[in-house]
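Novice: give me a model of this one.
(chains A and B)
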Amino acid sequence: MGTDDVGTGPAGPGAAGVPSAAGREPRWTWTFGLFRSELVMTFRRWRTVALLGVLAAVPLLVGIAVRIETGGGPGGAGAGPAFIAQVTNNGLFLVFTGLAATLPFFLPMAVGVVAGDAVAGESGAGTLRYLLVAPAGRTRLLLVKYAAVLTFCLVATLVVAVSALTVGALLFPLGDLTTISGTRISFGEGLVRTALIAVAVALSLVGIAALGLFVSTLTHSGIAAMATTVGLLITVQILDQIPQLHAIQPYLFSHHWLSFADLMREPVYWDDLVRNAGVQAVYAAVFGSAAWARFTAKDVTA
Amino acid sequence: MAPYESEKTPVEGAAGSARAARPRAGRRRAARYAVPVTVVGVAVATIGLVPALADSGDPDLPEISAQQLIEKIAASETEQLSGTVKISTDLGLPSIASGALGSFAPEGEGSSTADPQAKLLELAQGTHTLRVAADGAERAKLSVLGEASEYSLIRNGGDVWAYDSGSNEVFHAKGGAHESAGKDRAQKDKRQSKADDLPATPKAFADEVLKAAGDTTSVTVDGSTRVAGRDAYKLVVKPKASGSTVGSIQLAVDAKNGTPLKFTLVPAAGGSAIVDVTFTKVDFAKPAASTFDFTPPKGAEVTEADGLADAKDAPKDRPKGGDAPKFDGLPLPGIGDAATADGARTKVIGSGWNAIAEISTPGGAALPSGGEDVPGAAGQFLDSLGDKVSGKFGSGTVYSTRLVNALVTDDGKVYVGAVTKDTLLKAAEGAR
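Specialist: Residues are numbered from 1 along each chain as shown, chains lettered A, B, ... in the order given. From the prediction side, this is the model:
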């Protein structure tokens, strides 16, 4: 892996910058450099590229399947991801279908892989101590790691959305669209709502990103952290399906994920969207601070 | 010896300081873990306290008598409103039966998922979020919010549209069928239809209650409350005699304009409310005109009502008392007689809250709701849900829900009412 040389990257500018600044104010440009190198490291990995490729392929597959199934005619009713019945009439709906299809599993799994690897991967590869040699401080390093994972959440969502929009535009007609409340909105407003939906979906992943980062601080094995995070994701998804557990379900991080569809109502129904944002914020605060407590107190031996 | 001793001292010293450092590091570690624990605590406290704080402090409203309050409701001319309604229904049906309930919906020729009758039966069980909007008698909209889908019922002038976004199906009916009957009549008709289209508003429920109130009923004002951020009076309607399954009906009425904002039906046996309809958000401003505009989306499957004229017109032709189509087959107190008025041989035993409808059918295959024939399999299924009883009326089966009890005798008579099982059996014996 090319991790070793890239991982020590931030230490370079840091080591050069610190003595001259004599350790006074926090150097924001320095933090930015650390963040940038973290981003480059994350997105240069083959693993990340492959994950994004799979995510981009999902709307393509759905689009082709719908196109073949209906032959361009009116779509039939039936089971399937949300909005799939409307895709044939307006390609923009493929964005919503694509997000609804990837949000339960593919997207959070990709986030789980990246978040789980964030600290444990460095630890396992032996590069973590080099990062800590630089006077970045563990707190700042953790924040940078989390920021990089959150960036990945947004990028992954946008990859699905842009891929779906492209496929939708190629295979199906575009134009004014009917909201799920039955009112009509212009294509321009539809695009604005699509952007909002992408943001809402990316926000939905904030919780599992924090969870993955916390798990990542617990172990020295990147694989173990990824597996644990994805395992937790599956467990929570199963718990969310059991009717007898309805009392705890509103507090599961995946419970309000589909609330992004409420942005397609007219007027927008904000209650669940706000609830989702609240749940994600609580998960981010709880597991973010737990990751901080663990990471700043743990012995880094590798 | 000396070298050993001199070596020993630093080792001991190091060990000692390590021992001293460990608890300190441990304490520091514990202090760090206190942060996430505190965050959890704050989150839990917020989740627990915020609703409690929001609920506290009933508004200080001037005293009002029950009579004045009912007049206020009757005088209420709220024509324009929009809001969100939460409706929870717990009739105590086994969950399996509520699934079967949906299959009792008249499907027939055009089993479009957008058909209002099929859809509205779903509301009879569970919790649903609805959106309502009304602008005068001409335009109204009711939407049932589903997971990533929505079912909308829109009346705009002479058109009634139903749109199911989940399956992208549309149901369309022309509402202006009675135009010949003169403008006033047409106006009244439309009002009537509006009530038909929006049975889920607390207003519709309030009308039912006021109709049922008589000397058998105590109506009192029980302080004030806040519903959807508005000050409201609480009206409590209670049956005076025992024997009814209805414990009380509670209404919250807007203190300013008299619009009912909350309807709760509490069973006599205690426990959670049987029916709870509440505005969670309400706005008495004029809704945007675009709310009521509907053009079927391209490619949507449109079912015209003409082909289904019988099915659609049936509820409208019913007597006025039965204008709660949502609860077709689930008679509310006081309208139990009206809801089964299709049957020619219906007799009402008793009066007020303890009224029991006696329905005579030749085949013995009558449903509590009357009217519809039960498919054979469903009949067997119903049998398995009931209790076998016998008495002066012969033998029969009692079906119990939290609100309605029904006795189906083996010779084909049906007794049904919102009364307890004992009261029902006594009435059935007395009827012979």
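
Novice: correct me if wrong, but B:I359 is in a strand.
Specialist: Yes - counting by DSSP: H, G, I helix; E, B strand; the rest coil, B:I359 is found in a strand.

Novice: in the sheet, who's paired with it?
Specialist: Beta-bridge partners of B:I359, counted by DSSP bridges, are B:T346, B:V414.

Novice: distance of it relative to B:E138?
Specialist: 38 Å (C-beta to C-beta, to the nearest Å). C-beta coordinates here come from the backbone N, C-alpha and C atoms, glycine included.

Novice: more neighbours: which of those two?
Specialist: Neighbour totals were compared for B:I359 and B:E138, and B:I359 leads with 25 against 17 (other C-beta atoms under 10 Å in any protein chain shown).

Novice: could you pull out the strands for chain A?
Specialist: Counting by DSSP state E, chain A has strands at residues A:177-178, A:184-185.

Novice: show me the helices in chain B, by range?
Specialist: For chain B, the helices defined by DSSP state H occupy B:2-55, B:66-75, B:95-103, B:116-121, B:183-197, B:202-212, B:309-313, B:336-339, B:376-385, B:421-430.

Novice: and for the nearest residue to B:R28 once chain neighbours are set aside, the neighbour number?
Specialist: Excluding the flanking residues, the one nearest B:R28 by C-beta to C-beta, 6 or more residues apart in numbering or on different chains is A:A297, at 6.9 Å. Other residues within reach of A:A297, judged by other C-beta under 10 Å, total 17.

Novice: is it true that A:A297 touches B:R27?
Specialist: No - counting by C-beta atoms under 8 Å, B:R27 is not a contact partner of A:A297; they are 10.8 Å apart.

Novice: returning to what we had before: of all the strands of chain A, which lies closest to B:T423?
Specialist: strand A:177-178 (51.4 Å; C-beta to C-beta).

Novice: chain center to the closest one, what's the gap?
Specialist: 28 Å (C-alpha atoms, centre = their mean, to the nearest Å).

Novice: then stretch A:180-187?
Specialist: With C-alpha atoms, centre = their mean as the basis, stretch A:180-187 stands 28 Å off its chain's centre.

Novice: show the average pLDDT along it.
Specialist: Averaged over stretch A:180-187, pLDDT sits at 88.

Novice: in the stretch 51-200 of chain A, what spans have low per-residue confidence?
Specialist: Applying pLDDT under 70 to the stretch 51-200 of chain A flags the ranges A:71-80.

Novice: helices of that one, start to end?
Specialist: With DSSP state H, counting those that start in this stretch as the criterion, the stretch 51-200 of chain A has helices at A:93-102, A:106-125, A:128-133, A:138-171, A:187-204.

Novice: okay, these in JSON lines with mean neighbour count and distance to A:T29 next?
Specialist: What follows is the helices of the stretch 51-200 of chain A, written out as JSON lines (neighbours: other C-beta atoms under 10 Å in any protein chain shown; distance: least, C-beta to C-beta, whole Å):
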{"stretch": "helix A:93-102", "mean neighbour count": "27", "distance to A:T29": "36"}
{"stretch": "helix A:106-125", "mean neighbour count": "26", "distance to A:T29": "22"}
{"stretch": "helix A:128-133", "mean neighbour count": "17", "distance to A:T29": "18"}
{"stretch": "helix A:138-171", "mean neighbour count": "21", "distance to A:T29": "13"}
{"stretch": "helix A:187-204", "mean neighbour count": "18", "distance to A:T29": "26"}
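
Novice: nearest to chain B among those helices would be which one?
Specialist: helix A:93-102 (6.5 Å; C-beta to the nearest C-beta).

Novice: which residues are contacting that closest one?
Specialist: With contact meaning C-beta atoms under 8 Å, 6 or more residues apart in numbering or on different chains, helix A:93-102 is reached by A:55, A:58-59, A:62-63, A:66, A:80-84, A:86-87, A:157, A:160-161, A:163-165, A:167-168, A:171-172, A:177, A:194, A:197-198, A:201, A:258, A:260-261, A:264, B:148.

Novice: what do you get for stretch A:258-273?
Specialist: A:82-83, A:96, A:99-100, A:103, A:179-183, A:185, A:193, A:196-197, A:200-201, A:204, A:256, A:275-276, B:84, B:129, B:131, B:143, B:145, B:147-150, B:280, B:290-291.

Novice: give me the distance between the spatially closest residue to B:S290 that is not a sequence neighbour and B:A45.
Specialist: Distance criterion C-beta to C-beta, 6+ apart; nearest residue to B:S290, sequence neighbours excluded, is A:T183 at 5.7 Å. Distance of A:T183 to B:A45, computed by C-beta to C-beta: 40 Å.

Novice: more neighbours, these two?
Specialist: Taking other C-beta under 10 Å, A:T183 and B:A45 do not tie; A:T183 has more neighbours (22 against 10).

Novice: isn't the more buried one up against B:T295?
Specialist: No - contact criterion C-beta under 8 Å: A:T183 and B:T295 do not qualify, at 9.5 Å.

Novice: tell me the contacts of the closest residue to A:I248 other than its chain neighbours?
Specialist: Distance criterion C-beta to C-beta, 6+ apart; nearest residue to A:I248, sequence neighbours excluded, is A:L239 at 7.4 Å. Residues counted as contacts of A:L239 (C-beta under 8 Å, 6+ apart) are A:245, A:248-249, A:252.
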